[in-house]
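Undergrad: Mind looking at a prediction? Sequence and model below.
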Amino acid sequence: MGYQTYAILIGGFPDKNFLGFVFFSTICSYNFHWYLTSESLVESKRIEWTKSHKYLHLVLFIIGALGALFFFYFLKEFWPWLLISAAITFLYTAPKIPHPLFRALRKIAIGKTIFLALIWMHVTTILPVIISDIKWSAPFYLFIINRFFFIYAICIIFDFRDKADDKAAGIRSMITYFSERGVNNLFALSLLIFAITSMFLFNYNVSILTVILLLIPGGIVASLYGYAKKNLSDYLYYFVLDGLMMLSGLMILLVKLI
């Protein structure tokens with residue numbers, strides 16, 4: 001996903017220190033989140049596996065934290081932006097920490113979904129532009145909006161899956177706050193904004209092929225929406241839907257290699 005920003009907007013290959021930081025930060029935050037997740041009202045082999053392998057999540061969390069700190073050193077001139085990334089990431093997981101101060105965050109309406117989409121967008125679109133130290137222009141802002149609403153649409157589907165758990169834990173999100181019709185409208189609006197901004201990129205020297213490759217995952221997400229609300233398979237969510245976030249980037253990379 002970070003590579004995609006370079007390929008479309010910046011040119012060249014991603015900064016190696018940026019890639020290292022993103023990789024280890026993802027390992028760190030992902031395992032910290034799942035280390036704190038051990039119960040679910042939804043039957044999930046993934047949750048059962050997590051309960052039996054908490055030590056592995058703890059080890060990977062520590063490895064990820066050390067790796068992120070190592071690459072942070074080489075990017076220290078961008079520390080305000082990197083700390084913003086860390087803060088948003090923490091806000092997503094913080095309600096799971098067993099302390100009254102953090103449990104109070106569960107009452108923040110709509111926060112969960114927005115925090116998750118915001119951090120993925122921030123790390124994979126805003127950070128590459130900042131680290132590359134190039135002048136901001138209209139297509140950059142357009143692409144930021146594009147990525148946020150595409151990721152947000154996928155997060156909405158994940159929130160449907162977590163609806164029962166979130167209600168039981170008192171965690172508020174768009175999905176627990178709105179009616180199902182309201183959520184459907186929000187999903188449709190997110191994909192509409194994504195589609196419009198994808199097509200507008202064509203006006204800024206982005207090839208029609210690249211625009212099509214951006215749109216393909218959005219079409220797949222739209223087609224899976226109704227099915228995913230009823231089918232709670234771990235493979236569907238953690239392989240297919242998660243994979244769709246990086247699909248356009250992979251296709252753009254393959255086209256360049258060919």
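TA: Nice, thanks for sending it over. The model shown is predicted, which means the values in this text are computed figures rather than measured ones.
Undergrad: Run through who's touching whatever helix or strand Tyr3 lives in.
TA: Taking DSSP states H and E as the definition, Tyr3 sits inside helix 2-5. Helix 2-5 is touched from outside by 13-14, 18-19, 22, 123-125, 127-129, 143, 246, 248-249, 252-253, with contacts defined as Cβ atoms under 8 Å, 6 or more residues apart in numbering. Yep, even glycine has a C-beta here, placed from its N, CA and C like the rest.
Undergrad: roughly how far apart are the residue nearest to Ile114 when sequence neighbours are not counted and Leu186?
TA: Setting aside the residues directly before and after it, Ile114 is nearest to Tyr152 in space (Cβ to Cβ, 6 or more residues apart in numbering), at 7.5 Å. Distance from Tyr152 to Leu186, counting by Cβ to Cβ, to the nearest Å: 9 Å.
Undergrad: Of those two, give the one with the bigger neighbour count.
TA: When neighbours are counted by other Cβ atoms under 10 Å, Tyr152 comes out ahead of the other of Tyr152 and Leu186, with 24 against 18.
Undergrad: That one contacts Leu192, correct?
TA: No: shown here, Tyr152 and Leu192 do not form a contact pair, counting by Cβ atoms under 8 Å, at 12.0 Å.
Undergrad: Now the common contact residues for the two.
TA: If you check Tyr152 and Leu192 against Cβ under 8 Å, 6+ apart, no residue is contacted by both.
Undergrad: Please verify my assumption that Ile84 contacts His122.
TA: Yes: contact between Ile84 and His122 holds when scored by Cβ under 8 Å: they sit 7.0 Å apart.
Undergrad: Show me where the stretch 101-250 of the chain has its helices.
TA: According to DSSP state H, counting those that start in this stretch, the stretch 101-250 of the chain carries its helices in the segments 111-121, 127-132, 138-161, 163-169, 174-177, 180-200, 208-230, 234-235, 242-257.
Undergrad: of all the ones you listed, which lies closest to Leu56?
TA: With distances scored as Cβ to Cβ, the stretch of the helices of the stretch 101-250 of the chain nearest to Leu56 is helix 234-235 (17.1 Å).
Undergrad: Below-threshold pLDDT in this protein: ranges please.
TA: Applying pLDDT under 70 to the chain picks out residues 38-44, 99-111, 164-176.
Undergrad: ok, so what distance separates Gln57 from Cys28?
TA: Let me fix one detail, which is that residue 57 is His and not Gln. His57 sits at a distance of 11 Å from Cys28 (criterion: Cβ to Cβ).
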